[in-house]
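>>> Here's a sequence, model it:
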Amino acid sequence: MKAFAIGAKESGEQALSWAGQHGLTYPVVAEPQGEIFRRFGAAVPYHVVIGRDLRIALSKEAFEKDSLIRAIEDVIKFKGRKRNDL
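Below you'll find the predicted structure:
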């Protein structure tokens with residue numbers, strides 16, 4: 001599993017500051033022009049967790065740390081199984 005945050009419309013310093021405030025331990029990529037979010041029409045902040053089967057396990061705007069952690073844990077537990085095996 002790979003996790004990263006994109007600091008849209010933020011400098012590297014701003015993105016790292018936000019990550020530190022929220023205790024993120026994965027890489028943060030600064031994207032000051034916001035091109036990624038314009039291209040996909042996403043609001044900021046926006047969180048997407050994609051499972052190994054390439055299905056979206058979580059997609060939401062609000063930063064709800066507990067639901068984000070649960071979605072990530074579910075994807076990790078899902079390792080090596082197919083959805084229809086459950």
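>>> shaky segments in this structure?
1, 40-45, 79-86 (pLDDT under 70).
>>> Alpha carbons of the helix ranked longest in the chain, in PDB - could you do that?
In the chain, assigned by DSSP state H, the helix with the most residues is helix 65-77. Extracted in PDB, the C-alpha atoms of helix 65-77 (Å, rounded to 0.1, in the frame of the first residue of the first chain):
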ATOM      1  CA  LYS A  65      -9.100  10.800  10.800                       C
ATOM      2  CA  ASP A  66     -10.900   7.800  12.300                       C
ATOM      3  CA  SER A  67     -12.800   6.900   9.100                       C
ATOM      4  CA  LEU A  68      -9.600   7.400   7.100                       C
ATOM      5  CA  ILE A  69      -7.700   5.000   9.400                       C
ATOM      6  CA  ARG A  70     -10.500   2.400   9.300                       C
ATOM      7  CA  ALA A  71     -10.600   2.500   5.500                       C
ATOM      8  CA  ILE A  72      -6.800   2.100   5.300                       C
ATOM      9  CA  GLU A  73      -6.900  -0.800   7.800                       C
ATOM     10  CA  ASP A  74      -9.700  -2.500   5.800                       C
ATOM     11  CA  VAL A  75      -7.600  -2.300   2.600                       C
ATOM     12  CA  ILE A  76      -4.600  -3.700   4.400                       C
ATOM     13  CA  LYS A  77      -6.600  -6.600   5.900                       C
END
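>>> What residues sit buried inside it?
68, 71-72, 75 (16 or more other CB atoms under 10 Å). Glycine gets a C-beta too; all of them are placed from N, C-alpha and C.
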